[in-house]
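Trainee: no FASTA, just this:
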């Protein structure tokens, strides 16, 4: 990565220019810089998927927003700069009570958590959900949204300090991720059936373990252990 001076970007039709105040750095950004993200990284480029700042200029055809307003943005790239140009569709209004840092940290984690819980998981009030890496950005967002949806939350994390954070956010049951009885304790907490929803963010050998904690609803007639790569799997495949 290099620090460079670039011309001030001009917003095109349907775009806005934002003076960047704060940037959220995600694992996806790390993967993209390394050329290991799910989509191809086309270089040279300016990294940074999510950020917050002040609307500075509007491109042709943009309406509904005025210069001088603080917004959050999900632009995909471009946030690690003084100014960024993003499609108007990537703009997210934020409450006046949000600081720039809070607004910058909102889009990726909270949208991902909502998508996992509601869009993909079809979560219903009263259901149990297991949230892994519960003290991370996605984990804390998932706990808060799950409780707002009236879900019961089992939170896993690596230390007691992190579990305390999860409890403060509303987690109903907390477990150390290396507890030797973790699978049994998840089953017990969920009434012996397992959880219908798992926010699996650890991967590796933990992915197969997560399947052992899920409620009945799927099976296989094969005696072989399936190999699933969650980074490349999608329902369409």
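Mentor: Looks like it came in fine. All of these numbers come straight from a predicted model, not from anything done at the bench.
Trainee: List the buried residues of the helix or strand of the chain with the lowest mean pLDDT.
Mentor: Least confident helix or strand, the chain: helix 205-212 with a mean of 79, by mean pLDDT, DSSP states H and E. By 16 or more other CB atoms under 10 Å, the buried positions in helix 205-212 come out as 207, 210. Backbone N, C-alpha and C define where each C-beta goes, glycine included.
Trainee: Please state the offset of that helix from the chain centre?
Mentor: Averaging C-alpha positions (CA atoms, centre = their mean, to the nearest Å) puts helix 205-212 20 Å from its chain's average.
Trainee: Then stretch 183-191?
Mentor: Distance, stretch centre to chain centre, for stretch 183-191: 26 Å (CA atoms, centre = their mean).
Trainee: Quick check: buried residues in stretch 60-69?
Mentor: Here stretch 60-69 shows residue 62 as buried, counting by 16+ other CB under 10 Å.
Trainee: Make 881 the first number, not 1, from now on.
Mentor: Yes, from this point I'll number from 881; that puts the last item at stretch 940-949.
Trainee: State the mean pLDDT of that stretch.
Mentor: Average pLDDT, stretch 940-949: 93.
Trainee: The residue nearest to the spatial centre of the chain sits in which helix or strand?
Mentor: Geometric centre of the chain, nearest residue: residue 989, 2.9 Å, by CA atoms, centre = their mean. Using DSSP states H and E, residue 989 maps to helix 987-994.
Trainee: That helix: which residues count as buried?
Mentor: 987, 988, 989, 990, 992, 993, 994.
Trainee: Out of those, flag the one nearest to residue 1017.
Mentor: Taking CB to CB as the measure, residue 1017 lies nearest residue 989 of those, at 4.4 Å.
Trainee: Could you list the residues in contact with the longest helix seen in the chain?
Mentor: Secondary structure of the chain per DSSP state H: the longest helix is helix 1017-1028. Taking contacts as CB atoms under 8 Å, 6 or more residues apart in numbering, the residues outside helix 1017-1028 that touch it are 904, 906, 985, 988-990, 992-994, 996-997, 1003, 1009, 1011-1014, 1033, 1035, 1037, 1045-1046, 1049-1051, 1079, 1081.
Trainee: So what's the model's average confidence on it?
Mentor: 96.
Trainee: Can you mark which positions in that helix are buried?
Mentor: Neighbour counts using 16+ other CB under 10 Å place 1017, 1018, 1019, 1020, 1021, 1022, 1023, 1024, 1025, 1026, 1027 of helix 1017-1028 among the buried residues.
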